[in-house]
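A.B. asks: Structure here, sequence nowhere to be found:
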């Protein structure tokens with residue numbers, strides 16, 4: 001751990017690459033008790049057992065679809081993570097020359113205090129909608145609409161933002177939202193969709209393009225210096241976005257260091273073994289030890 005701290009302190013720049021494992025370590029699990037607490041009715045009706053699978057389910061109506069999605073959006077975008085993983089990470093890099101590239105869509109980085117201008121969310125944002133067509137390249141903030149949907153189903157939003165079931169649990173919960181709350185495109189009238197990269201309809205709006213440009217600028221300025229590629233919780237689903245580029249850029253720069261923290265999936269190719277540190281452990285525990 002002392003080696004990692006020394007490397008981070010002496011680095012000219014730090015590029016953080018974050019995958020789903022980082023948010024999982026923070027307590028944003030998509031299955032288990034967290035899923036059953038808020039989706040027991042959908043699990044009973046449709047037979048899926050986690051939020052990820054629910055996102056690919058063909059619901060009976062748009063009203064039911066948005067009842068499901070509003071819960072998922074709210075829980076994973078507007079509720080604070082149970083464990084302060086992102087806050088601990090921020091303390092490590094605060095005041096340093098850093099940038100964040102992430103496939104996560106929950107915006108935990110911003111909630112923890114990271115500078116918005118140093119973040120690139122490549123795969124979208126739970127807090128944004130887009131036209132399902134899409135007929136135009138624009139996204140729309142959804143928080144107020146989502147909160148209305150949540151309350152219409154019978155959930156209680158506490159003062160601290162946490163979501164609670166009513167007194168009699170799912171007996172008082174609806175599996176639909178009112179038809180007037182179903183979001184529709186203000187241009188063509190078609191249903192809105194999540195701004196999540198799952199097919200070729202994903203909208204890369206002006207905000208996305210500006211963030212992509214800032215990421216490219218950061219690389220151009222720093223990739224040949226003493227840069228640390230800090231990879232956290234990146235699995236094998238989309239290795240071409242973070243993992244493989246990090247390996248290649250480390251290989252191309254003898255001054256670079258690759259650090260991977262990922263329980264059960266920390267590995268490195270032999271070509272950059274001498275420039276790398278792999279920690280096969282929980283991210284939250286590791287960051288706590290570093291502090």
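C.D. replies: Received it, and whenever you're ready, just let me know what you need. Keep in mind that this is a model prediction, so the values were computed, not measured. Residues are numbered from 1 along each chain as shown.
A.B. asks: Point out where the protein drops to low pLDDT.
C.D. replies: Scanning the chain for pLDDT under 70 picks out the ranges 1-2, 291.
A.B. asks: Do a quick rundown of the strands in it.
C.D. replies: With DSSP state E as the criterion, the chain has strands at 13-18, 98-102, 119-121, 124-131, 139-141, 156-157, 163-164, 192-196, 227-232, 257-261, 276-279.
A.B. asks: Would you format these as CSV with distance to residue 87 included?
C.D. replies: Backbone N, C-alpha and C define where each C-beta goes, glycine included. Listed next are the strands of the chain as CSV, based on distance: least, Cβ to Cβ, whole Å:
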stretch, distance to residue 87
strand 13-18, 14
strand 98-102, 14
strand 119-121, 15
strand 124-131, 20
strand 139-141, 24
strand 156-157, 23
strand 163-164, 21
strand 192-196, 25
strand 227-232, 14
strand 257-261, 16
strand 276-279, 19
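A.B. asks: Identify whichever of these lies nearest to residue 38.
C.D. replies: Closest of those to residue 38 is strand 163-164, at 6.8 Å (criterion: Cβ to Cβ).
A.B. asks: returning to that earlier point: between the strands of the chain, which gets nearest to residue 51?
C.D. replies: Of the strands of the chain, the one closest to residue 51 (Cβ to Cβ) turns out to be strand 124-131, at 11.0 Å.
A.B. asks: what's the longest helix belonging to the chain in contact with?
C.D. replies: Using DSSP state H, we find that the single longest helix of the chain is helix 206-222. Residues from elsewhere that reach helix 206-222, judged by Cβ atoms under 8 Å, 6 or more residues apart in numbering: 12-13, 15, 97, 99, 101, 117-122, 137, 139, 204, 249.
A.B. asks: ok, of these, which come out buried?
C.D. replies: 13, 15, 97, 99, 101, 118-122, 139, 204, 249 (16 or more other Cβ atoms under 10 Å).
A.B. asks: Among those residues, which one lies nearest to residue 28?
C.D. replies: For the buried ones among the contacts of helix 206-222, the nearest to residue 28 is residue 121 (14.9 Å; Cβ to Cβ).
A.B. asks: Done for today, thanks.
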